[in-house]
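Novice: okay, structure incoming, though there's no sequence with it:
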């Protein structure tokens, strides 16, 4: 029974990832063929909605049956609420940066390589898939798959950081878009820097979870740290779902 | 010596000094290796001071011990859920997880900061007592005036946190906040933030006022970076405190306490926390962007690089207007909480008052640009923001209507807390009535940046927060100490403060209407304002004298006040049904809410019942 449960959960994760991949491809096609801000915004919202519902399990906030305030379940629910409140707060930082981008750039964008943007976006999206797989595995007590998927997530997360800071930043500077050159540089480095900082904290969080997971501290019933790390990691992905079109797709190159 | 070093606060301060030095020296060393000039006009260069200030704050929090349990958790170790505090006064100088201790830490820190901010005001008010520059320099005037604003704001934020932290868990029957360690962390980042903020005095000060608008703030001395970092860190204290409070109220209420049986102060605290949780990020972001513009030349607000200074004002006011609701909502909650106790009547229109706090908070998110009518923003934004601003008067009016109707035909008693409640209502009414002229575009174009705004603002802050803060201290002092403050000195405090405060703010509005600009160090004697300014300064000193009376009363009563172990105000609220001072884990027996909170004077009505089950 538990086994089929697990297979169903894994399959749902794959299905959602396929949807996300199709939407990302569609988004790229729309941006290249018929640049429409409305369509791009709707696609980004749909992607964010899929991640928030199926990968971050926002419905767990109001699907709770435990009423004893001293139980592990109830305390885990309080922590879950606290984390979501934190993400709400954090979302305002990124919202403020998006406001700065649209105020200062308007309907223009810097001449970045759109394919490179698509590649680093895909890396983060795939990492979200493996994060979900790791959490699902732990929720069913499957420690082996948990560790494998978590390690892949970590590697992809580090790969994303390398892609942004090691490849995208130097190539922007080569094109003359330095932090101090103009508002293209200022906003680009601030947005990717702030987001990269969050990816970095997520990587540290995952490393802690990996270490404690290898020491056998989590079980199918008690793994709230794994869930918290997963929700945080997906949140960082959701932010990039909006930042990617804002930086690479919306507007005309000047 | 060993005993002093065992105090968390002392360890934290030593760590902060070491952390600042380490961070600053690191940057200095890197600069030297890169061939850049390693030393600046204040010993270190500006980047070195910025990094040093940040590492100093982190070192303080580490040194005080607020991170220890989290590190243990990350390493997979378990820690006990509760930690016993030492019995004496030492627990107030180190990390405690008890919300009552943290509440008192917040409150005392708030009082200290309010005193510092008030002292700055006394200094520059003395300078303004007569036209011409008498004894301070223009730069020092600007720094003191700017710091007065921000130190007071941080002080009030900590005072708000103190009131909410101490009271909300008690009022809802919880034994602590939802996240006790986060609560301690939120408090312990505030003292280093205040130190960084005040250190701007030593680093050249800054001359922008508390708003820090670019482009002026991009040209100020290094002090402005200390201002930015201090506010940013204090903002985190406010954000995390708000997060904790919302989680506490949503998860830890006593049995039977449905939303519409919560005390009004709890409603107000939730509304306040929603603002501080979300909007605070944007003042942090706006200051951060200026910080980076100064450090790396990023051109966010520099028109020469395509930047837009108006963008700063939008980001800044998106927090800084709702911020005033963060200050006043708990204050108005205290007024609604205490009024029925001293009128012995039910609170009029409980549901409407409960919802009005949320209403003010939500409308408050939509009014920020009324600070920018003269800024040169798009003109079509003016009228919508004017109307949304005037809309705030509706939920505020609901509160006033409720207070007046509650007072109507009540058996009014006037011990000191009630005097401050009535004073709050009167002063806040003056602040409320002088608000619309600032919110309406036509009149604001003339009133903008005059002393009229200063008078209006001080009325709302004192009526909305300071008077209720004093009322709350006089009212709940026995709950914390088991002794009550002197009534005689309390009344002296009130009757010194109330009239002189009204004189001060009315005259501020008057000189504003007569053409006095705000924030400037000097004025033309031909304006004929010397006499009025002298009167304002004298009133300010009378206010200071009343605060000295309060301080004497406060510290004397801790040891020598009249013992008050019982329910001295005949309150229905749960915290007064157990002996004072409050036991460590609040309620030995859990209680259940069986009735309405404010049905004073109705025969046979009960609010809570202790059901004998401990939790």
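Specialist: Okay, I see it. Please read these numbers as outputs of a predicted model, since none were measured by experiment.
Novice: quick one: the helices in the stretch 1-150 of chain A?
Specialist: For the stretch 1-150 of chain A, the helices defined by DSSP state H, counting those that start in this stretch occupy A:2-33, A:37-50, A:72-105, A:114-139, A:143-161.
Novice: hmm, residue A:187 is touching residue A:100, no?
Specialist: Yes - assessed by Cβ atoms under 8 Å, residue A:187 is found in contact with residue A:100 at 5.9 Å. Bear in mind the C-beta positions are built from the backbone N, C-alpha and C, glycine included.
Novice: shared neighbours, those two?
Specialist: Residues touching both residue A:187 and residue A:100 (Cβ atoms under 8 Å, 6 or more residues apart in numbering or on different chains): residue B:300.
Novice: what's the helix or strand for residue B:272?
Specialist: helix B:264-278 (DSSP states H and E).
Novice: run the angle between that helix and helix A:72-105 for me.
Specialist: Angle, helix B:264-278 to helix A:72-105, by axes from the mean of the first three to the mean of the last three Cα atoms, to 10 degrees: 50 degrees.
Novice: can helix B:264-278 be found next to chain A?
Specialist: Yes - Helix B:264-278 is in contact with chain A by Cβ under 8 Å from any Cβ of the partner chain, via B:277-278.
Novice: just checking, next helix/strand downstream of that helix?
Specialist: For helix B:264-278, the following helix or strand on the C-terminal side (DSSP H and E) is helix B:280-296.
Novice: and the helix holding residue B:272, how far from the chain's centre?
Specialist: Relative to the centre of its chain, helix B:264-278 is centred 13 Å away, using Cα atoms, centre = their mean, to the nearest Å.
Novice: what packs against that helix?
Specialist: Under the contact definition 3 or more Cβ pairs under 8 Å, 6 or more residues apart in numbering or on different chains; DSSP states H and E, helix B:264-278 sits against helix A:72-105, helix B:138-172, helix B:223-251, helix B:309-343, helix B:350-364.
Novice: and the first one with chain B, contact?
Specialist: Yes - against chain B, helix A:72-105 shows contacts by Cβ under 8 Å from any Cβ at A:74, A:77-79, A:81-82, A:85-86, A:88-90, A:92-93, A:96-97, A:99-100, A:103-104.
Novice: the helix holding residue B:272 - what's its average pLDDT?
Specialist: Helix B:264-278 shows a mean pLDDT of 96.
Novice: and chain B, which residues reach chain A?
Specialist: Close to chain A, as judged by Cβ under 8 Å from any Cβ, chain B has residues B:74, B:76, B:178-179, B:182, B:239, B:243-244, B:246-247, B:250-252, B:277-282, B:284-286, B:289, B:292-293, B:296-300, B:305-308, B:311, B:314-315, B:318, B:615.
Novice: try 6 Å
Specialist: Neighbours of chain A within chain B, by Cβ under 6 Å from any Cβ of the partner chain: B:74, B:76, B:178-179, B:239, B:243, B:246-247, B:251, B:277-278, B:281-282, B:285, B:296-300, B:305-307, B:311, B:315.
Novice: among those residues, name the buried ones.
Specialist: In those, burial by neighbour count holds for B:74, B:178-179, B:239, B:243, B:246-247, B:251, B:277-278, B:281-282, B:285, B:296-300, B:305-307, B:311, B:315, counting by 16 or more other Cβ atoms under 10 Å in any protein chain shown.
Novice: mind checking the SS state of residue B:43?
Specialist: strand (DSSP: H, G, I helix; E, B strand; the rest coil).
Novice: can you lay out the helices of the stretch 1-150 of chain A as JSON lines showing mean neighbour count and mean pLDDT?
Specialist: Shown next, in JSON lines, are the helices of the stretch 1-150 of chain A (neighbours: other Cβ atoms under 10 Å in any protein chain shown; pLDDT from 0 to 100):
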{"stretch": "helix A:2-33", "mean neighbour count": "15", "mean pLDDT": "91"}
{"stretch": "helix A:37-50", "mean neighbour count": "16", "mean pLDDT": "95"}
{"stretch": "helix A:72-105", "mean neighbour count": "19", "mean pLDDT": "95"}
{"stretch": "helix A:114-139", "mean neighbour count": "22", "mean pLDDT": "95"}
{"stretch": "helix A:143-161", "mean neighbour count": "19", "mean pLDDT": "96"}
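Novice: can you add distance to residue B:264 and give these back as CSV?
Specialist: Formatted as CSV, these follow (distance: least, Cβ to Cβ, whole Å):
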stretch, distance to residue B:264
helix A:2-33, 44
helix A:37-50, 37
helix A:72-105, 22
helix A:114-139, 41
helix A:143-161, 46
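Novice: residue B:4 is nearest to which of these?
Specialist: When those are compared by Cβ to Cβ, helix A:72-105 sits nearest residue B:4, at 35.6 Å.
Novice: so that closest one versus helix B:223-251, what angle?
Specialist: Using the same axes, to 10 degrees: helix A:72-105 against helix B:223-251 is 140 degrees.
Novice: quick check: residues of chain A near chain B?
Specialist: Looking at chain B, the residues of chain A close enough under Cβ under 6 Å from any Cβ are A:78, A:81-82, A:85, A:89, A:92-93, A:96, A:103, A:179-180, A:182-183, A:186, A:208, A:212, A:215, A:217.
Novice: residue contacts, whatever residue of the stretch 401-550 of chain B ends up closest to chain A?
Specialist: Closest residue of the stretch 401-550 of chain B to chain A, Cβ to the nearest Cβ: residue B:441 (22.5 Å). Under the criterion of Cβ atoms under 6 Å, 6 or more residues apart in numbering or on different chains, the contact list for residue B:441 reads B:373, B:382, B:386.
Novice: which among those residues gets closest to residue B:187?
Specialist: So of the contacts of residue B:441, ranked by how close each gets to residue B:187 (Cβ to Cβ), first place is residue B:373, at 37.9 Å.
Novice: how much space separates the closest residue to residue B:205 other than its chain neighbours from chain A?
Specialist: In space, and not counting its chain neighbours, residue B:205 is closest to residue B:143: 3.0 Å by Cβ to Cβ, 6 or more residues apart in numbering or on different chains. Separation of residue B:143 from chain A (Cβ to the nearest Cβ, to the nearest Å): 28 Å.
Novice: what pLDDT does the model give residue B:143?
Specialist: 95.
Novice: likewise the one 3 residues further on?
Specialist: According to the predicted model, the pLDDT of residue B:146 comes to 95.
Novice: burial measure for the nearest residue to it once chain neighbours are set aside, as a count.
Specialist: Among residues not flanking residue B:146 along the chain, residue B:209 sits closest, at 5.1 Å (Cβ to Cβ, 6+ apart). By the criterion of other Cβ atoms under 10 Å in any protein chain shown, residue B:209 has 19 neighbours.
Novice: ditto for the one 10 residues further on
Specialist: When counting by other Cβ under 10 Å, one arrives at 12 neighbours for residue B:219.
Novice: now do residue B:134
Specialist: 11.
Novice: then the one 3 residues further on?
Specialist: Close neighbours of residue B:137, defined as other Cβ under 10 Å, add up to 12.
Novice: for residue 201, which three-state class applies?
Specialist: Assuming you mean chain A. Applying three-state DSSP: residue A:201 is helix.
Novice: wrong chain, I was asking about chain B
Specialist: coil.
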